[in-house]
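Q: Starting from these lines, generate the structure:
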Amino acid sequence: MRGALVFTARRCRFAAAACLIGVGAGACGALLLLILRTVQHLAFGYAQGPFLEGVEAASAWRRVVVTASAGVVAGAGWWLLQRYGRPRVEIRQALRMERPRMPALTTAVHALLQVVTVGLGSPLGREVAPREAAALLATGVTRRAGLSPSQSRVLVACAAGAGLAAVYDVPLGGALFTLEVLLGSWAIGAVAPAVLTAALASLIVRVAVPDGQAYQLPELPFSGSLLLWAVLAGPLVGACAYGFSRLTAASSARAPRGSALLVTAPAAFLCLGLLAVPFPQLLGNGKGPAEVAFTAEPSLALAAVLLVLRTVVVALCLRGGAYGGLLTPSFANGALLGIVAGRLWELLWPGTVLGAYAVVAAGAFLAVSQRMPITAIVLALEFTGAPREAVLPLLLAVAGASGTAALLRRHWARPRRARGTGRG
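A: Sure, this is the predicted structure:
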C-alpha cells in the first residue's frame, strides 16, 4: 500500500511539473516574441504590419545602420559572455547529463542576444532562444520537484519542444520535435508530457500574443503534376539541403572566439546590411523570403538570387560569430528552391500554383537540413495551413530528399573512415 502511494505521489509531481513547465515555456515564448517585435518596430521605424513591409519601407541607410548595429551587439555581447560568463551548456549537452543543468545567467543572456540580433536583421532563426529559455526553466522545476534523473531529462526535452511550439504556434510540431529530435523515443512516458507541454505553451502564447499561423497562403490546388514534380525534385532538394547543412556546420565550427568577435561580427553584418539595400528580403529569420515564395509568385531570377544570397549571408553571419536557429532559414531556402524548380517544371507541365511547389520543397529541405523528416512534414502543414492534399506530395518529396541525403552522408563518411584507418 505504501509503495502504491509513493508511486502515485511521484506521478502527480511529474504531472504537476509538466503542467508548470508547459505554462512557463509559453510565458518565455510570449516574452521573447514581445521583445523581438519591440526591437523590430523601434529599429526599422514601423508601427504595424509584417516585418518585411517594415524593412522595405525603411530607407537604405537605415537598413545598413541597423544591421551594422546588430553586428556590434552580436560581437560585443557574445565576446563578453564568453569572457565573463560561465561555459554555456547546450540543450543536447544537458540531456546527456545524469541530471540536466544549465547556467542560468549565461543561458538567459545567450537567448536574449539571439532575439535582439534577429530583431535587428540577423538572418538566423529565432527558435533556439525560447527553447533554451524553456529548458533552463525546466531544469529548475525538475530539481525542486525532486524528480528522478530520467524524468528530469524527459521534461527538459519537453520544455525545449514546447518553446518551439510557443514561438511559432505549432503544438503538434513542437511535440514531435521533442520526440523525434531530442529524445528519439515514442514511449507513452515521453509522448504524453511532450503533447501536454507543447499544447499548454501554444495556448499561453495564443492568449498573450495572438498572431495566427506563421504564413498566410492563398488557396493552393494540388495536382497530379505536383505529385510527379515532388518525386523528381525530392533528390535535388535533398542534395541542396545536405550541402546547406554542411556549409552552416562548417561556418559555426570555424567561428572565432575571444576579441576577434569584435571585428568579425560587425564586418559580417555590415556586408548583410549592404546587400539588404537592393534585397530587403535578406533581413530577418527567413520569414520574408518564404512569404514571397508562397504568395508573390516571384520570377525565376529573383528566387534564384535570393536563394543564393540567403545561403551566403546565413553562413557569413555564423562564420562571423553570431548564434541563432536554422529552422526558418532552412524553410525559407526550401521555399525559394521550390520556386526555382517549379518555374522550370512549368515549362513542361504548366498549371500548378507556384506556392504549392514552395510548400513541398520547404518541407523536404527542412527535413534534411534538420534531420527530422516526420517533424518537418507536420511543421510545413502547421506553418502554412496547407490543405490535406499537400500531405502526399510532401511525403514523396521528403522521402526522395531524405534518401538522397543519406547516400551523400554515407559517401562523405567513407573517405573519413578510410583516412582514420590509415593513420591507425
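Q: Tell me how many other residues crowd L232.
A: 14 (other C-beta atoms under 10 Å). C-beta coordinates here come from the backbone N, C-alpha and C atoms, glycine included.
Q: where does this protein have low pLDDT?
A: For the chain, residues meeting the criterion pLDDT under 70 lie at 1-9, 212-213, 414-424.
Q: What separation do you get for the spatially most central residue of it and A47?
A: Closest to where the C-alpha atoms of the chain average out (C-alpha atoms, centre = their mean) is L327, at 2.4 Å. Using C-beta to C-beta, to the nearest Å, L327 is found at 28 Å from A47.
Q: Do I have it right that the residue nearest to the centre of the chain meets A367?
A: No. Using C-beta atoms under 8 Å, L327 is not in contact with A367, being 11.4 Å away.
Q: Hmm, E291 and T328 touching each other?
A: No. The criterion here is C-beta under 8 Å, and T328 misses it with E291 at 11.2 Å.
Q: Between the two, which is the more surrounded one?
A: Neighbours were tallied for T328 and for E291 using other C-beta under 10 Å; the higher tally belongs to T328 (26 against 22).
Q: mind listing what the more buried one touches?
A: 125-127, 285-287, 290 (C-beta atoms under 8 Å, 6 or more residues apart in numbering).
Q: And P387, by the same measure?
A: 220, 222 are the contacts of P387 under C-beta under 8 Å, 6+ apart.
Q: For it, give me phi and psi.
A: Backbone torsions of P387, given as degrees, to the nearest 10, read phi -70, psi 170.
Q: how far away is it from A356?
A: 10 Å.
Q: what residues go with each domain of the protein?
A: Annotated domains of the chain cover 2-208, 224-423 [automatic domain parsing].
Q: Would you mind saying which of those domains lies nearest A214?
A: Of all the domains of the chain, domain 224-423 sits nearest to A214, with 4.6 Å by C-beta to C-beta.
Q: Can you get me a residue count around R83?
A: Using other C-beta under 10 Å, R83 has 11 neighbouring residues.
Q: who's in contact with the one helix or strand it maps to?
A: Using DSSP states H and E, the element containing R83 is helix 60-84. Residues from elsewhere that reach helix 60-84, judged by C-beta under 8 Å, 6+ apart: 43-45, 55, 58, 88, 106, 109-110, 113, 116-117, 120-122, 257-259, 261-270, 272-274, 276-277, 280, 283, 317, 320-323.
Q: try it again with 6 Å
A: Applying C-beta atoms under 6 Å, 6 or more residues apart in numbering, the external contacts of helix 60-84 come out as 43, 109, 113, 117, 120-122, 261-262, 265-266, 269-270, 272-273, 276-277, 321-322.
Q: Counting by contacts, list what the helix or strand that it is followed by packs against.
A: Past helix 60-84, further along toward the C-terminus, the next helix or strand under DSSP H and E is helix 91-95. Under the contact definition 3 or more C-beta pairs under 6 Å, 6 or more residues apart in numbering; DSSP states H and E, helix 91-95 sits against helix 149-168.
Q: tell me how far the helix it packs on is from the chain's mean position?
A: Relative to its parent chain, helix 149-168 has a centroid offset of 15 Å by C-alpha atoms, centre = their mean, to the nearest Å.
Q: Spit out the contact partners of G320.
A: By C-beta under 6 Å, 6+ apart, the neighbours of G320 are 264-265, 268.
Q: repeat that with 10 Å
A: Going by C-beta atoms under 10 Å, 6 or more residues apart in numbering, G320 touches 71, 74-75, 251, 255-256, 260-261, 263-272.
Q: Please flag which of those residues sit within helices.
A: Of the contacts of G320, the ones assigned to helices by DSSP state H are 71, 74-75, 251, 261, 263-272.
Q: Among the residues you listed, the buried ones, what's the ChimeraX command?
A: The buried subset of the ones in helices among the contacts of G320, as determined by 16 or more other C-beta atoms under 10 Å, is captured in ChimeraX by this line:
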select :71,74,75,251,261,264,265,266,268,269,270,271,272
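Q: Any idea how many residues pack against S148?
A: 12.
Q: In a markdown table, list the domains of the chain along with distance to L217.
A: Below are the domains of the chain laid out as a markdown table (distance: least, C-beta to C-beta, whole Å):
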| stretch | distance to L217 |
| --- | --- |
| domain 2-208 | 14 |
| domain 224-423 | 5 |
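Q: Buried residues in stretch 188-204, which are they?
A: For stretch 188-204, the neighbour count (16+ other C-beta under 10 Å) marks 190-204 as buried.
Q: Quick check: E132 vs L113, distance?
A: 11 Å.
Q: Name the residues contacting each of these two.
A: Taking C-beta under 10 Å, 6+ apart as the criterion, E132 and L113 both touch Y323.
Q: which of those two has more neighbours?
A: E132 (27 against 22).
Q: Check which helix or strand the more buried one maps to.
A: Going by DSSP H and E, E132 is part of helix 128-145.
Q: Direction-wise, compare that helix with helix 149-168 and give the angle.
A: Helix 128-145 and helix 149-168 are oriented at 150 degrees to each other (axes from the mean of the first three to the mean of the last three C-alpha atoms, to 10 degrees).
Q: now helix 128-145, how far from the centre of its chain.
A: Relative to the chain's own centre, helix 128-145 is displaced by 19 Å; criterion: C-alpha atoms, centre = their mean.
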